[in-house]
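> the sequence isn't on hand, but the structure is:
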């Protein structure tokens, strides 16, 4: 028999943590080994427990999920973080992926989607909600279109994106 996927749940809302824990505990092959209410507690507990998957919200007090993810991945380079959030903010999505998230799901995801994502992330796969995937495809297309610009045009666009107008 294989070992269960050891999951830590990080969310600032106790009811969300409890609901996710109940859903995931009901699944064979998944064990909840810890919970945290913010990024600071997530860093401490992840370092102590070394979970297989960290199911983490982004928008939390004291230390958000993105900040916590950076520190956790510094301490535990193999940490597998699955973001579960209400944030459809493009910057949050790209930052989470840049910082090493193995998945990004929106809280509107169905129970089966969340369970499947936990199992797949534990297996080393990447899981993205359809809206997140659509945003990534859009960004990829824009990036591909930019590549047809000259080097100087790209430099000017970069300066403009940084707020420089002179």
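Perfect, thanks for sending it. Just so you know, these numbers come straight off a predicted model, no measurement behind them.

> low-confidence ranges, the protein, go.
The model of the chain has pLDDT under 70 over residues 1, 140-141, 144-150, 153-154, 157-166.

> please, where are all the helices along it?
Remark: helices assigned in the chain by DSSP state H are 14-25, 39-49, 65-75, 90-98, 111-122, 130-146, 151-161.

> for residue 37, which non-adjacent residue is spatially closest?
residue 12 (5.5 Å; Cβ to Cβ, 6 or more residues apart in numbering). All C-beta atoms are positioned from the backbone trio N, CA, C, and that covers glycine.

> could you measure from the most centrally placed residue in the chain over to residue 117?
Centroid-nearest residue in the chain, with Cα atoms, centre = their mean: residue 83, separated by 2.8 Å. Using Cβ to Cβ, to the nearest Å, residue 83 is found at 10 Å from residue 117.

> find residues that contact each of the two.
103, 105 (Cβ atoms under 8 Å, 6 or more residues apart in numbering).

> what is the burial count for residue 114?
21 (other Cβ atoms under 10 Å).

> sorry, that was for residue 132
Neighbours of residue 132 (other Cβ under 10 Å): 22.

> for it, list the residues it contacts.
Counted by Cβ under 8 Å, 6+ apart, residue 132 has contacts 93, 104-106.

> what does residue 28 give?
residue 4.

> and the residue nearest to the centre of the chain, bridged to which residues?
On the basis of DSSP bridges, residue 83 is bridged to residue 56, residue 104.
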